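J.: after the sequence you'll find the predicted model.
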Amino acid sequence: GTTAIAAQDNRSADGIRLAFLRHMRRTIGKPVEFSNTLDQYRAMAHLVRDRVMDDWITTVESYVQHNVRVVCYLSAEFLLGPHLLNAMLNLGITDSAEKACDELHYSLTQLADEEPEPGLGNGGLGRLAACYMDSMTTLEVPAVGYGLRYEFGIFRQEIRDGWQVEHSDKWLEYGNPWEIPASEATQHVSFGGHTETTKDEKTGELIWKWVPAFTVKGVAYDTPIPGYRNKQVNRLRLWKAEAEDSFDLEIFNRGDYMGAVRDKMESETISKVLYPPDETEQGKRLRLMQQYFFTSCSLQDMVRLHKLQKLPIEKFADKWSVQLNDTHPSIGIAELMRILTDEEEIGWDEAWTITQATFGYTNHTLLPEALEKWPLPIFASLLPRHIEIIYEINRRFLKDMQAKFPGDTARWARMSLIGEDGEKQVRMANLAVVGSKMVNGVAKLHSELLKEDTLKDFYEAFPNRFTNVTNGVTPRRWLMLADPPLTALLNEVLGTAWHTDLYALRGLEDYVDDAGFLDKWRKRQEESKGRLGDFIKRSMDVSLNPASMFDVQVKRIHEYKRQHLNALHILGLYCRIKSGELKDLPPRTFLFGGKAAPSYTYAKLMIKLVCTVGELVGKDPQTKDLLRVLFVPDYSVSLGQRIYPAADLSEQISTAGKEASGTGCMKFMMNGAVAIGTLDGANIEIREEVGEENFFLFGLTAPQIAEKQKAGYRPRDFYEKSPLLREVMDGLRDGRFSNGDRDTFAPLVRDLLEVDRYFVMADFDDYARAQSEAGKIFCDSKKWSRMSLLNTARSGKFSSDRSIREYCQNIWKINLDR
Ligand SMILES: CCc1ccc([C@H](C)CC(=O)N[C@@H]2O[C@H](CO)[C@@H](O)[C@H](O)[C@H]2O)cc1
């Protein structure tokens, strides 16, 4: 049986070629000579999926057999990126597939480019979830990722005349070969209605009954997540919302055709589209429905599997360790209490003990506007039973806090799950902390600031509940897949241990003074820059100067990430070249990429500013060969894979204390880019690992920022003090850089001179100093290559394998060395 099937799935070039031809006929339904590139991609996708299936089944069988403890990663976002080449890498069949394609006269990379990217996330949080799925499976952690199967992912970005234009992301247009519907897992989720309380005549206890207004069906779609060369395959279970009854014949026969499908339309909107605002909560009803829908489906699924294995519900927390990826799934705490008390009829205290022991909460942002607080009316109307449960959790919690901090009414009010100042709100971060066994930040500084500031009251109440797990990224996608030439060079001198133990890259340090190796190292960098140059030429018809320094800033557009500081610095260079003060600037190519939330006008203006600067310096005969500024549209995982290996300088210039961690910074480091940045988020730990001499530091520190904020910050003072900054800001105000247009950037100039929440004015001069230092050292290619090599060599800590090991040890209590 399985051996025969396994035989068919052989991984030789021949086996793959035959399987390809078979899928072209059997699955795609075309003779190969009539197939187009999309057909060829899909045939290839299906044969790779075949080769994952057996491992998937044996993995589940071993989990059930050994009754293992399972990690459930609940996330509203999974920014997976394209599957095909990643699955081939992890299965170890890339070479055979390439040979098979050669024999079929196709280019594998061309086929792979046909894959629509599953953009089920906004940025850092969503991509981290994807990296963690790869590492959990590679480390053989029994895990399930639970999320939403958005029909439309993150919008496609077009830049038209310097302005962002959004287009819907129809990623499922031609189906998705990487998912399998799991009909046995279908769930039902209730919404709205009211609750009824009856007395149990025997025990006299109160019994709560939720009478919902409507229910929605949750259909599970499973995507296999293969580990790296270990025959382990974990599952990503994404939920699609469907109407209980997708067509009401009765209404139809009454001639109300639209009415007949109204339910269907309404229910399906729940998983229709990903919410694009990053770091700004919107308090939208549909967003709460999305969060409750996937969280309830997921917890009901765990209870179903728990019972299938005939395990006592009281032992739920021994079996399942549920990690909340920010507060987006934190309604899960009230939902598990509902299931345990209302459906499983467990007493409150025991249910609460199980609930707290089940959940862990990871916070990903300090920005007050990103902390979710649901207006009570929306919450109570959608989830009438959950608000009762949250009131009861709050009543008992505040009683404990009143005992612990007698008379401290202000603290009780700050810690309450219900905000009473102004309109009543449900504070999801407070609920997440109170209902979890462990709370962690995503970088050392961030976790400290959580304890000292955002969650100070809770840290003082539960000091042992707080820890840190610094983020990481998977070296499989972000090094091996992104840069095969670098991978080959590393394998040549280090062997392959680093693939699953990134600290082994330390071995590279032996070559830091090896001129021959440094030569190869530089050549590899030029190759990657050449590859990106070809792509930019093909996609934007713009040619890049490979000898120039590739200075790159790619991430979501946000004021705290300060893409505008980068643009103002370039205008400073422009002014200095125009004034003749700056003569021998080594040529620079400034690459920008990133999406702005559609309703975030200031961020869109920042994109316009970058594009305007690009126009200006690109046209001016005095600067066009020295400065090139490019905004590369539609930044995504696959575009990131092209950009990170080609970068020389990594821009990590956020206002200190604002970037929780950052993960792009880690991808740049692994690929040998040198960072210029502030002491913020993971930059601090990168600088610790690589050595301060291999990091271009600038800017105010978080305590200095806090100090200035308290003392009263006057951005105009810095404008007054800095001649260059004044020239740049005046130029911007007067339309000097925008063909006389004084209006477009007026709001930005006004904000920066009057408010400047993110200290752009204060950090400008020091940033310019660090930039010119970087420029000088880049001219010393031996020195630069040493710095570049040491960044890769010392990037071991920033593998998501290290992060997952820490989660297993400190939070999930899963022992890995079995
Ligand atoms: C409610 C709207 C909303 C949506 C997403 C978010 C995310 C938390 C934003 C996010 O992606 N944060 C980023 O998470 C990364 C992974 O930990 C960090 O590396 C980044 O520093 C952080 O900005 C907040 C608020």
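T.: Here it is on my side, so go on.
J.: list the contacts of the helix or strand harbouring Leu336.
T.: Secondary structure from DSSP states H and E places Leu336 in helix 332-338. Residues lying outside helix 332-338 but in contact with it, judged by Cβ atoms under 8 Å, 6 or more residues apart in numbering, are 74, 210, 292, 295-296, 298-299, 322, 324, 348, 351-352, 354-355, 358-359, 383, 385-386, 389-390, 393, 431-432, 434-436. C-beta coordinates here come from the backbone N, C-alpha and C atoms, glycine included.
J.: those residues in helices, which ones?
T.: Secondary structure defined by DSSP state H assigns 292, 295-296, 298-299, 348, 351-352, 354-355, 358, 385-386, 389-390, 393, 431-432, 434 of these to helices.
J.: list every C-alpha atom in the helix holding Leu336, with coordinates, as CSV.
T.: Presented in CSV, the C-alpha positions along helix 332-338 are these (Å, rounded to 0.1, in the frame of the first residue of the first chain):
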residue,chain,number,x,y,z
GLY,A,332,-10.2,33.1,23.1
ILE,A,333,-9.8,33.4,26.9
ALA,A,334,-13.5,34.2,27.4
GLU,A,335,-14.4,31.6,24.7
LEU,A,336,-12.6,28.8,26.5
MET,A,337,-14.3,29.8,29.7
ARG,A,338,-17.7,29.6,27.9
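J.: for that helix, which residues meet the burial criterion?
T.: 332-338 (16 or more other Cβ atoms under 10 Å).
J.: same check on stretch 534-553?
T.: 535-536, 544, 546, 548-553.
J.: Lys782 versus Asp519, what's the distance?
T.: Relative to Lys782, Asp519 is positioned 10 Å away (Cβ to Cβ, to the nearest Å).
J.: could you do Leu104 as well?
T.: When distances are taken as Cβ to Cβ, Leu104 and Lys782 turn out to be 45 Å apart.
J.: go on, Leu494?
T.: From Leu494 over to Lys782 the distance is 22 Å, taken as Cβ to Cβ.
J.: with neighbour numbers in mind, choose between these two.
T.: Leu494 (18 against 11; other Cβ atoms under 10 Å).
J.: in three-state terms, label the residue nearest to the more buried one when sequence neighbours are not counted for me.
T.: Excluding the flanking residues, the one nearest Leu494 by Cβ to Cβ, 6 or more residues apart in numbering is Gly507, at 4.8 Å. At Gly507, secondary structure determined by DSSP: H, G, I helix; E, B strand; the rest coil is helix.
J.: so what's Gly507 up against?
T.: Counting by Cβ under 8 Å, 6+ apart, Gly507 touches 493-494, 498, 793.
J.: how is whichever residue of the stretch 501-650 of the chain sits closest to the ligand assigned, secondary-structure-wise?
T.: Among the residues of the stretch 501-650 of the chain, Arg556 lies nearest to the ligand; the distance is 7.4 Å by Cβ to the nearest ligand atom. Using three-state DSSP as the criterion, the local structure at Arg556 reads coil.
J.: give me the neighbour count for it.
T.: 21.
J.: isn't it up against Asn122?
T.: Yes: look at Arg556 against Asn122 with Cβ atoms under 8 Å: they come within range, at 6.7 Å.
J.: number of residues surrounding Ser738?
T.: Other residues lying near Ser738 total 20 when counted by other Cβ under 10 Å.
J.: how far away is it from the ligand?
T.: 30 Å (Cβ to the nearest ligand atom, to the nearest Å).
J.: helix or strand right after the host helix or strand of Phe20?
T.: For Phe20, the enclosing helix or strand under DSSP H and E is helix 13-23. Going down the chain from helix 13-23, the next helix or strand is helix 37-65, by DSSP H and E.
J.: tell me which residues of that following helix are tucked away?
T.: Buried-residue list, helix 37-65, by 16+ other Cβ under 10 Å: 39-52, 55-56, 59, 63.
J.: list the helices and strands it packs on?
T.: Helix 37-65 sits against helix 2-8, helix 13-23, helix 84-91, helix 108-112, strand 214-226, strand 233-243, with contacts defined as 3 or more Cβ pairs under 8 Å, 6 or more residues apart in numbering; DSSP states H and E.
J.: quick one: buried residues of the helix holding Phe20?
T.: So helix 13-23, judged by 16+ other Cβ under 10 Å, has buried residues 13, 15-17, 19-21, 23.
J.: out of those residues, who's nearest the ligand?
T.: In terms of Cβ to the nearest ligand atom, no member of these lies closer to the ligand than Ile16, at 36.2 Å.
J.: count the neighbours of the one residue in the stretch 401-550 of the chain that gets nearest to the ligand for me.
T.: As assessed by Cβ to the nearest ligand atom, the ligand sits closest to Val442 within the stretch 401-550 of the chain, at 4.0 Å. Look at Val442: counted by other Cβ under 10 Å, it has 28 neighbours.
J.: what pLDDT does it get?
T.: The predicted structure scores Val442 at 98 on the pLDDT scale.
J.: I figured it hits Asn363, correct?
T.: Yes: using Cβ under 8 Å, Val442 makes contact with Asn363 at a distance of 7.5 Å.
J.: tabulate the helices and strands packed on helix 37-65 (CSV), appending mean pLDDT.
T.: CSV is the format used below for the helices and strands packed on helix 37-65 (pLDDT from 0 to 100):
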stretch, mean pLDDT
helix 2-8, 60
helix 13-23, 96
helix 84-91, 98
helix 108-112, 97
strand 214-226, 97
strand 233-243, 97
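J.: distance to Arg628 for the ones you listed - can I get that in CSV?
T.: Supplementary listing: these in CSV, determined by distance: least, Cβ to Cβ, whole Å:
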stretch, distance to Arg628
helix 2-8, 51
helix 13-23, 41
helix 84-91, 30
helix 108-112, 26
strand 214-226, 39
strand 233-243, 40
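J.: just give the number of residues close to the residue lying closest to the residue of the stretch 501-650 of the chain closest to the ligand once chain neighbours are set aside.
T.: The shortest distance from Arg556 to any residue other than its chain neighbours is 4.3 Å, reached at Gly123 (Cβ to Cβ, 6+ apart). Gly123 sits with 22 neighbouring residues when counted by other Cβ under 10 Å.
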